[in-house]
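Novice: this one's sequence-less:
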């Protein structure tokens, strides 16, 4: 069984039910995504988690309306200054998670951009924050659930992949070019291509 998830229902409104695929809505944000997916993964033996939804792109990383695959996704965990948190001896901070490499490569071969994501709790709305996330974390796309979904699957021992439709650029909201329909169009293209790879 495959578990297909999105943060909100509307992101996958184009999806038609098919055998072997369960679909769930996680809710918005990393906590909702992690908790909802952890509960689902405990209840059923899934072989793959597909995290699909909309994303913002940092300058020049992708165009509005593109479908992209997120190969790795990071979350900001550290001091406000950008310095790392001092943890007790032996403790490790996990702040990155990855999509299953073979599926990433299959989508790359189909022509979809392969990018690096950042998961945030607040949508970026200033050029300063966009510049900092791109510079410090190498972020190319921004979501609110990607890291949480990939990490929940990783801890459950289940393969996972994150795919996104680009709906806006990250930064000043007046210049973001927000376009829900274009983002959904890009998402639909990459979801359909992904399921061609895994059927």
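Specialist: Here it is on my side, so go on. It should be emphasised that the depicted structure is a prediction, and the values quoted were computed from it without experimental measurement.
Novice: Might you report the residue contacts of residue 183?
Specialist: When contacts are counted by C-beta atoms under 8 Å, 6 or more residues apart in numbering, residue 183 touches 54-55, 64-65, 165-168. C-beta coordinates here come from the backbone N, C-alpha and C atoms, glycine included.
Novice: Of these, which belong to strands?
Specialist: Mapping those onto strands (DSSP state E) picks out 54-55, 165-168.
Novice: which residue packs closest to the residue nearest the centre of the chain, ignoring adjacent ones?
Specialist: With distances taken as C-alpha atoms, centre = their mean, the chain has residue 146 as the residue nearest its mean C-alpha position (3.1 Å). Leaving aside its sequence neighbours, residue 146 sits nearest to residue 73 (C-beta to C-beta, 6 or more residues apart in numbering; 4.0 Å).
Novice: picking up where we left off before, considering the ones in strands among the contacts of residue 183, which possesses the most neighbours?
Specialist: Neighbour counts for the ones in strands among the contacts of residue 183, by other C-beta atoms under 10 Å, peak at residue 55, which reaches 30 neighbours.
Novice: That one contacts residue 144, correct?
Specialist: No - taking contacts as C-beta atoms under 8 Å, residue 55 lies outside contact range of residue 144: 9.1 Å.
Novice: helices and strands around the lowest-mean-pLDDT helix or strand in the chain, which ones?
Specialist: Within the chain, confidence by mean pLDDT, DSSP states H and E is lowest for helix 127-137 among all helices and strands, at a mean of 71. Counting contacts by 3 or more C-beta pairs under 8 Å, 6 or more residues apart in numbering; DSSP states H and E, helix 127-137 packs against strand 114-119.
Novice: Show me what counts as buried in the strand it packs on.
Specialist: For strand 114-119, burial by neighbour count (16 or more other C-beta atoms under 10 Å) applies to 115-119.
Novice: Can you list the low-confidence ranges for the protein?
Specialist: The chain contains residues with pLDDT under 70 at 82, 126, 130, 175.
Novice: The least confident helix or strand of the chain vs strand 114-119, what angle?
Specialist: Per axes from the mean of the first three to the mean of the last three C-alpha atoms, to 10 degrees, the angle that helix 127-137 makes with strand 114-119 is 120 degrees.
Novice: Tell me which residues are up against helix 127-137.
Specialist: Outside helix 127-137, the residues touching it (C-beta under 8 Å, 6+ apart) are 58-59, 74, 76, 82, 116, 118, 120, 124, 139-140, 142, 170-172.
Novice: Just want the phi and psi numbers for the residue nearest to the centre of the chain.
Specialist: The phi and psi values for residue 146, taken as degrees, to the nearest 10, are phi -50, psi -60.
Novice: List the contacts of it.
Specialist: 51, 55, 70, 73, 117, 119, 162, 164 are the contacts of residue 146 under C-beta under 8 Å, 6+ apart.
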